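# 3D model of this:
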Amino acid sequence: MNIIIVGGGKVGISLTSLLSNEGHNVTIIDTMPKLIENIVNDYDVIGYCGNGAAFTVQAEAGVSKCDIFIAVTGSDELNIMSCIVAEKLGAKHSVARVRDPEYSHQTEFMRNKLGIDMIINPELEAANEISRIVEFPAATKIESFAKSRVELCEITISQDSVLNEMPLFELRKKLNVAMLICAVQRGDELFIPKGNFVLKAGDRIHFTASRSELGKIFRLLGMQKKKIKSALIVGGSRTSYYLCQRLATAGIKVKLIESDPARASRLEAELDGITVICGDGTDTDILNEEGLANFDASVALTDIDEENLIMSMYANKLGVEKTICKINRTALLGMFSSVVANCSIISPKDLTAGMILRYARAVNNLDGSRIKTLYRIVEGMAEALEFISADNCSLNGKPLKDLKLKPNMLIACVTHGNTVLIPDGNTVISAGDSVIVITSADHAVSDLNEILL
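You can find the predicted model right below:
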């Protein structure tokens, strides 16, 4: 497909890398000549320097022959305007990143009246993900599928865990619970495990289960932590704004620290019932004064990764039950996991890139088993994809034991109507079922049929 991206920031670069690696013809537009030059040289794509909303720039870049037009600059208004112009020029599909809370109630208008096919608010998505983690603090990460009926959870196996040294074929027999371990990270290696795989302490595992079973699973694993009743948030970002609203609605006591006086004052006026403190959230004296050690959760959401890292390390040292940290620089992830145990990492950049990648694959396969959800997991080494099985899908009507899957492919869950099935060899897929597939990231899957040999 021909894909045009406006905006060469973190998200734009990430999308350029992902989409060009999948074989699409990518064109990048930005106002900074040196940035465009670097992206063109690094990713072997076409680059144009100019205003992405300008008719002449879009026409020169070939928007009229564009399959997907994506606007991810730092300006919501520029993104919206760029998509409107692209639609008038003949772009088949358009995607805009729109982050301002004032626009959050206008998404339907922008789709129906302005012709923008997909509106993405990364800060809102990040707040939703943090809310899920707060609900189940034993998990490092939780991804939702099948209209939140199914969860994909990440945990780390401790030395005293019942899972330590357990072969997977013994899992159901010993725990008597419907869960399926579908991806394991051991050091820098990824495993899509089979039944004879033996779990070890230190493994970071991803498992699927129905949402209703999660509490039982964490109890059986000895990981049921107390319910989070209070949270200290550092950084008055847009994510913080959305998150404060969600946590307050859930009955959680929230305190927010923001260093900028004007922003702190504005948030205090906009967030009813939230205590807003103006101060430096990386200053240990302020954190101690505000009682960080007494909170059940700490959430670091400043715009600087290093500040979030420092705050999370300090909260971990004080024994805060759950730490959550926003990080966008992928290079920091390896270092972070080695110094802060069981901290949940949130990356709005990766959330945005994953959603757009899912949309691109769905557009590329309009006639087959469409992708409904896509998450990149295990530090980007694997993908979890939810498909809706089409009428003509080759998997339909056959027991899974009779299907021959490609290497590093695993069917992790099947949802039939309102029934969640953690699959075994006798499970049968029907048209319309939600099917979750786990695969290594070097296998770009756009259709459910593509997992078969």
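
# Report how many residues lie close to Ala201.
13 (other Cβ atoms under 10 Å). Where C-beta positions appear, they are placed from N, C-alpha and C, glycine not excepted.

# Now Gln58: phi and psi?
When read as degrees, to the nearest 10, the backbone of Gln58 gives phi -60, psi -40.

# pretty sure it contacts Ala86?
Yes. Assessed by Cβ atoms under 8 Å, Gln58 is found in contact with Ala86 at 6.0 Å.

# Identify the contacts common to the two.
Ile4 (Cβ atoms under 8 Å, 6 or more residues apart in numbering).

# of these two, who's got more company?
Counted by other Cβ under 10 Å, Gln58 and Ala86 do not tie: Ala86 has more neighbours, with 31 against 27.

# Return the per-residue confidence for the more buried one.
At Ala86, the model reports a pLDDT of 97.

# low-confidence ranges in this structure?
Residues of the chain meeting the criterion pLDDT under 70: 330-342, 366-367.

# Roughly how far does Lys200 sit from Met166?
Look at Lys200 and Met166: by Cβ to Cβ, to the nearest Å, they are 9 Å apart.

# Between those two, which has more neighbouring residues?
Per other Cβ under 10 Å, whichever of Lys200 and Met166 has more neighbours is Met166, with 18 against 15.

# if I pick the nearest residue to the more buried one once chain neighbours are set aside, what's in contact with it?
Leaving aside its sequence neighbours, Met166 sits nearest to Leu199 (Cβ to Cβ, 6 or more residues apart in numbering; 5.2 Å). Each residue near Leu199 by Cβ under 8 Å, 6+ apart is listed here: 157, 163-168, 181, 184, 205.

# swap the cut-off to 6 Å and go again
When contacts are counted by Cβ atoms under 6 Å, 6 or more residues apart in numbering, Leu199 is found next to 157, 163, 166.

# Next, work out how far apart the second one and Ile155 are.
The span separating Leu163 from Ile155 equals 9 Å under the rule Cβ to Cβ.

# Ser254 belongs to a helix?
For residue 254 the amino acid is Val, not Ser. No. Assigned with DSSP: H, G, I helix; E, B strand; the rest coil, Val254 falls outside any helix and is strand.

# Tell me the bridge partners for it.
Val254 has these beta-bridge partners by DSSP bridges: Ala231.

# pretty sure it contacts Ala231?
Yes. Counting by Cβ atoms under 6 Å, Ala231 is a contact partner of Val254 at 5.4 Å.

# any shared contact partners between the two?
Common neighbours of Val254 and Ala231 (criterion: Cβ under 6 Å, 6+ apart): Leu247.

# tell me which element the residue positioned nearest the centre of the chain is part of?
By Cα atoms, centre = their mean, the chain has its centre lying nearest to Leu351, at 3.8 Å. Per DSSP states H and E: Leu351 is located in helix 348-363.

# hmm, back to that, might one say that the residue nearest to the centre of the chain is in contact with Glu125?
Yes. The pair Leu351 and Glu125 passes the contact test of Cβ under 6 Å, sitting 4.8 Å apart.

# Return the distance of Pro399 relative to Asn392.
On the measure of Cβ to Cβ, Pro399 and Asn392 end up 19 Å apart.

# actually Cys49, not the one I wrote
45 Å.

# the more surrounded of the two?
Cys49 (16 against 11).

# which strand residues sit across from the more buried one in the sheet?
Bridge pairing for Cys49 - DSSP bridges - gives Asp30.

# Pretty sure it sits against Pro33.
Yes. Taking contacts as Cβ under 6 Å, Cys49 lies within contact range of Pro33: 4.9 Å.
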